[in-house]
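J.: need coordinates for the following:
(one chain, ligands or ions: 3)
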Amino acid sequence: MALRSVAETLHQLLADVPTWGTESRNLAQAQGAILAADVCAQIDVPPLDNSAMDGYALRLSDLSAGAPLRISQRIPAGANPCALQAGTAARIFTGASIPAGADTVVAQEDCELVGDTLAVNIAPRLGQHIRPRGQDIAEGQRILLKGHRLLAADLGLLASLGVGSVQVGCRLRVALMSTGDELREPGEMLAAGQIYNSNRPMLAALIASLGAEVIDLGIVADTPQATRDALARAAATADVVISSGGVSVGEEDHVKAQVEALGSLNLWKLAIKPGKPLAYGRVAEVPFFGLPGNPVSGFVTFCLLVRPYLLKMQGATQLQSPQWAARALFDWPRAGTRQEYLRARVTPGDAGMEVEIHPQQSSGALSSVSWCNALAVIPIGKTLSRGDSVDVIFLQDIS
Ligand SMILES: Nc1nc2c(c(=O)[nH]1)N[C@H]1C(S)=C(S)[C@@H](COP(=O)(O)OP(=O)(O)OC[C@H]3O[C@@H](n4cnc5c(N)ncnc54)[C@H](O)[C@@H]3O)O[C@H]1N2
Ligand code: MOO
Ligand SMILES: [Mg+2]
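T.: Ligands and ions are numbered 1, 2, ... in the order given. The predicted structure follows:
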């Protein structure tokens, strides 16, 4: 029987996302959080007409009249100036409030003080170097939409509006467990037959990058009992459970059977390379993802399938990363039976983006992931010749 496609799997996963609560969060805690309601501006930004230059504020008609302009006041940023006396100029600094009556700012490089009067060397334009109130945002304007993921610039934007806290999707607690008797932690000595646990820090970082809290359950032994105990503990403390390893067909792969014992297995195996044995279900009522143990398989399936799920759970509207067309600098002569995600590097070429692939595409070769800046997508049954167009997904959008 044909394996379920990546698109169909994603569709089914997203249809199964549970409803999730919202909470109020201070801006300092809101990076990566998903807005639970539209944000409308309560004030104009900037809230005052202000100078874009260090210089002098004046009324252009006074200057045109030709009389010498005496300096009648000094206005630093933050001051509340009085109205400009007719026939005078005000010393002013960048960001300072334009006094009533002034309509133009002359940069200090374009004028000089002769005694206590101003000599302007370059004829100014009416209104120059003034940033009017509301230039950026007008009061009442809808500025960010529900479902938007808050990144650095959004936090600055909200602060510019005077918004100190926002209603966002509740922070997810995600339990992470690494199954495998062969695993040791970095810093420990390796005995024969053992390898280091690379999935743990990688998956913890991917989870944390979504603003979720990681509940790290460490390494779990390859026995039915240890697997079941860890799954039960995870489901009791977390909102989502993620395991790595033990989801394939070997006798040492216990995850699926224990998930079925404690809840249900809803999806298993899909037409993706790497990552075929990805499992999804519920432990008790808690959503569960069983990522394949091979590190590249875990990375790719997390980015393409788990990440959109976790984003949707928190209320996000933008779930998938865009695919861009690039020109292949490689041949791909073998048509596959699973959609393949090659570790690739995209660079600018003379005629647009060009993409090369890492020579080692094994699902155990993490160096290919560290090296790449994109995944090149090879659909089922497709071959490629050098020069053909191939879709790429930039990793900076997803990891
Ligand atoms: N007879 C079959 N064997 C396998 C199949 C299959 O269809 N038939 N599928 C293969 C594919 S595809 C994948 S992917 C793997 C998935 O295996 P599991 O999810 O069961 O994972 P393990 O067997 O536990 O480990 C696989 C591999 O990854 C290493 N690993 C595991 N955890 C970690 C970790 N935390 N850090 C670093 N490396 C880890 C582990 O040592 C193994 O080398 O199954 C294939 N087999
Ligand atoms: O497809 Mo498996 O996911 O690594 O080889
Ligand atoms: Mg296995």
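
J.: which parts of the stretch 201-350 of the chain sit against ligand 2?
T.: Contact residues, the stretch 201-350 of the chain versus ligand 2 (Cβ under 6 Å from any ligand atom): 273-276, 292, 294, 297. C-betas here are computed from N, CA, C, even on glycine.

J.: contacts only, for the residue in the stretch 251-399 of the chain that ligand 1 sits nearest to.
T.: Using Cβ to the nearest ligand atom, the single residue of the stretch 251-399 of the chain nearest to ligand 1 is Gly293, 2.6 Å away. Neighbouring residues of Gly293 by Cβ atoms under 8 Å, 6 or more residues apart in numbering: 179-180, 199, 244-248.

J.: need the residues of the stretch 251-399 of the chain near ligand 3, please.
T.: Proximity of the stretch 251-399 of the chain to ligand 3, by Cβ under 5 Å from the ion, involves residues Asp253.

J.: switch the cut-off to 8 Å
T.: The stretch 251-399 of the chain comes close to ligand 3 at residues 252-253, 277, 292-293, as judged by Cβ under 8 Å from the ion.

J.: okay, those residues in CSV with secondary structure and pLDDT next?
T.: Converted to CSV, those look like this (DSSP: H, G, I helix; E, B strand; the rest coil; pLDDT from 0 to 100):
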residue, secondary structure, pLDDT
Glu252, coil, 94
Asp253, coil, 93
Pro277, coil, 98
Pro292, coil, 98
Gly293, coil, 98
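
J.: return the member of the residues you listed nearest to Asp350.
T.: Closest to Asp350 out of those is Pro292 (39.0 Å), distances taken as Cβ to Cβ.

J.: that closest one reaches Leu270, doesn't it?
T.: No. When contacts are counted by Cβ atoms under 8 Å, Pro292 is not listed as touching Leu270 (10.7 Å).

J.: what is in contact with these two at once?
T.: With Cβ under 8 Å, 6+ apart, Pro292 and Leu270 have common neighbours 276, 278.

J.: could you find the closest non-adjacent residue to the residue in the stretch 101-250 of the chain that ligand 3 sits nearest to?
T.: Going by Cβ to the ion, ligand 3 is nearest to Ser248 of the stretch 101-250 of the chain, at 3.8 Å. Leaving out its chain neighbours, the residue that sits closest to Ser248 by Cβ to Cβ, 6 or more residues apart in numbering is Pro277, at 4.6 Å.

J.: now swap in Thr9 and tell me
T.: Here the residue nearest Thr9, using Cβ to Cβ, 6+ apart, is Leu270, at 4.6 Å.

J.: ok, Gln323 next?
T.: Counting by Cβ to Cβ, 6+ apart, the nearest residue to Gln323 once its immediate chain neighbours are dropped is Asp391, at 4.2 Å.

J.: quick one: the helices in the stretch 251-399 of the chain, in order.
T.: 255-262, 295-301, 307-313, 366-371 (DSSP state H, counting those that start in this stretch).

J.: just the mean pLDDT for the third one, thanks.
T.: On average, the pLDDT along helix 307-313 is 98.

J.: which outside residues touch that helix?
T.: 10, 13-14, 17-18, 20, 34, 149, 169, 172, 174, 206-207, 210, 212, 239-240, 287, 289, 318-320, 398.

J.: chain center to that helix, what's the gap?
T.: Offset of helix 307-313 from its chain centre (Cα atoms, centre = their mean, to the nearest Å): 12 Å.

J.: list the buried residues in that helix.
T.: For helix 307-313, a neighbour-count test (16 or more other Cβ atoms under 10 Å) marks 307-313 as buried.

J.: do the shortest one as well
T.: Applying a neighbour-count criterion of 16+ other Cβ under 10 Å, one finds 366, 368-369 buried in helix 366-371.

J.: how about the contacts made by the residue of the chain found nearest ligand 2?
T.: Residue of the chain nearest ligand 2, by Cβ to the nearest ligand atom: Ser363 (2.8 Å). Applying Cβ under 8 Å, 6+ apart to Ser363 gives the contacts 273-275, 292, 294-297.

J.: you'd agree Ala232 is in a helix?
T.: Yes. With DSSP: H, G, I helix; E, B strand; the rest coil as the criterion, Ala232 is part of a helix.

J.: leaving out chain neighbours, which residue sits closest to it?
T.: Leu262 (6.1 Å).

J.: so what's the residue count around that neighbour?
T.: 19 (other Cβ atoms under 10 Å).

J.: surely it and Arg233 touch.
T.: No. Assessed by Cβ under 8 Å, Leu262 is found out of contact with Arg233, at 10.9 Å.

J.: and the strands in the stretch 201-350 of the chain?
T.: Ranges of strands in the stretch 201-350 of the chain, per DSSP state E, counting those that start in this stretch, are 213-220, 240-244, 263-268, 272-273, 279-283, 286-291, 324-328, 339-349.

J.: strands of the stretch 51-200 of the chain, start to end?
T.: Per DSSP E, counting those that start in this stretch, the stretch 51-200 of the chain carries strands over the ranges 55-58, 69-75, 88-92, 104-107, 111-114, 117-120, 130-131, 142-144, 165-169, 173-179, 183-184, 195-196.

J.: from Leu329, how far out is the residue nearest to Gln323?
T.: 15 Å (Cβ to Cβ, to the nearest Å).

J.: that's all I had, so thanks and see you.
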